[in-house]
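Visitor: Any chance you can model this:
(one chain, ligands or ions: 1)
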Amino acid sequence: MKFNTLVYIETNNNTIEKVSKEIIAHARQCFKDNEICGVVVTDEITTILEQFKNAGLDKLFVIQNPLLKKFNVSAYCDVLSQLINDIKPSVFLMGATANGRELAPRIASKLEIGLTADCTDLQLDENSNLLATRPTYGGKMMATIISKTTPNFATVRQGAFKHKQFDVNNTEVCFYTPEMSCLNLFLSQLEVLKTEIKEPKEDWTESEIIVAGGLGLKSKENFGLIYKFSDLIGAKPAASRAAVELGWASHDIQVGQTGKSVAPKLYIALGISGALQHISGINNAQKIVAINTDNNAPIMNIADFAIQSDAVDVLNNLINKLSN
Ligand SMILES: Cc1cc2nc3c(=O)[nH]c(=O)nc-3n(C[C@H](O)[C@H](O)[C@H](O)COP(=O)(O)OP(=O)(O)OC[C@H]3O[C@@H](n4cnc5c(N)ncnc54)[C@H](O)[C@@H]3O)c2cc1C
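Guide: You can find the predicted model right below:
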């Protein structure tokens, strides 16, 4: 018997979000007996259709309507729930992005189904039940959750799986026209305000070298040295959650359990203690260099090179040397 997996494909400025591609690739490779379907909500499909080439989808459902150009959580919840009710997938997945985190609980509530949020692994058991794994107890344990409601519903953290292109390109495109409730379109139309914090321009998580700063840098001004130093060595900047919470860096560059998972060749951690929730995001880094004044900080134990020193001094010295 063939089961359906449906993946909500999130787009941003007509570009498919990386996490959506990662989920499709994982489902294609691991959910052997499943028909892998995607659903995209858009005002205009032709501009993004090319991106679905070799993505690994058997079927793409397109919900196209000019009113759905901008993400609107109530309207998106409504149209996606209608599709799920109609095609009855056995598994439904989406990225744990900012929009996904807003959308998923609403869909779960509307359809009265369970939701396993922020997963780092997904497998199917022999009965095609979803085994959804996610960190629990603040990252100290991994829990595998089996949902008893259908579809088995989970959101997936970006970077948990690898994106892959497939040789076959035989995706069937099906247009789906849900009923539109105008009322929903008036809800949650919030303006997105520009932040003064530097936003990453491209996908930094793929960078071979990542330079991350934490509270040990002591100030937002000092955190600026992370940007300078990374620029000089062709690396990408990142931050601990504590630094993000103080407004020194954008949440987009937070590494860890509630941020991004990264797998660079070199991860340089400056003034970061190495809490479990931070380490869970760098488990796949090949080499870790830690610079910390406290030799007993947890990060010093897991680092390949642990340097006991003042991070601000080290950054200033390196920047001076590299700039001259
Ligand atoms: C549910 C949950 C989810 C979380 N998710 C994340 C997450 O995704 N990412 C994350 O990072 N955290 C996360 N956290 C927070 C995490 O537990 C830590 O609080 C956080 O990582 C600490 O950040 P930090 O290392 O920058 O700060 P601190 O823990 O305060 O460490 C600062 C370090 O700097 C060192 N230091 C001080 N002065 C200097 C100096 N001059 N030079 C060099 N070193 C110096 C200190 O010795 C210390 O080791 C989460 C927590 C919870 C409960």
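Visitor: contacts, neighbours, all on C-alpha from now
Guide: Fine.
Visitor: and the stretch 151-300 of the chain, which of its residues are near the ligand?
Guide: With C-alpha under 6 Å from any ligand atom as the criterion, the stretch 151-300 of the chain comes near the ligand at residues 214-217, 240-243, 255-259, 270-275, 277-278, 291-294, 297.
Visitor: Which among the residues you listed count as buried?
Guide: 214-217, 240-243, 255-259, 270-274, 277-278, 291-294, 297 (16 or more other C-alpha atoms under 10 Å).
Visitor: Please flag which of those residues sit within helices.
Guide: Arg241, Ala242, Ala243, Gln277, His278 (DSSP state H).
Visitor: which one of these sits closest to Gln165?
Guide: Using C-alpha to C-alpha, His278 is the member of these that sits closest to Gln165, with 30.2 Å.
Visitor: quick one: contacts for Val168?
Guide: Asn54, Gly56 (C-alpha atoms under 8 Å, 6 or more residues apart in numbering).
Visitor: Now do the same for it: helix, strand or coil?
Guide: Put simply, Val168 is coil when judged by DSSP: H, G, I helix; E, B strand; the rest coil.
Visitor: related to what we said a few turns ago, of the ones in helices among the buried ones among the residues of the stretch 151-300 of the chain next to the ligand, which is the nearest to Val312?
Guide: Ala243 (14.5 Å).
Visitor: pLDDT (mean, whole number) over the single longest strand found in the chain?
Guide: Under DSSP state E, the strand in the chain containing the largest number of residues is strand 34-42. Strand 34-42 comes out with an average pLDDT of 95.
Visitor: Name the surrounding residues that touch that strand.
Guide: 2-11, 24, 27-28, 56-66, 68-69, 76.
Visitor: now with 7 Å?
Guide: Strand 34-42 is contacted from outside by 2-10, 27-28, 57-65, 68-69, using C-alpha atoms under 7 Å, 6 or more residues apart in numbering.
Visitor: Just those residues: which are in strands?
Guide: 3-9, 59-64.
Visitor: Going by neighbour count, which of the residues you listed comes out on top?
Guide: Highest neighbour count within those: Leu6, with 29 neighbours (other C-alpha atoms under 10 Å).
Visitor: For it, give me its contacts.
Guide: By C-alpha under 7 Å, 6+ apart, the residues touching Leu6 are Ile36, Cys37, Gly38, Pro89, Val91, Phe92, Leu93.
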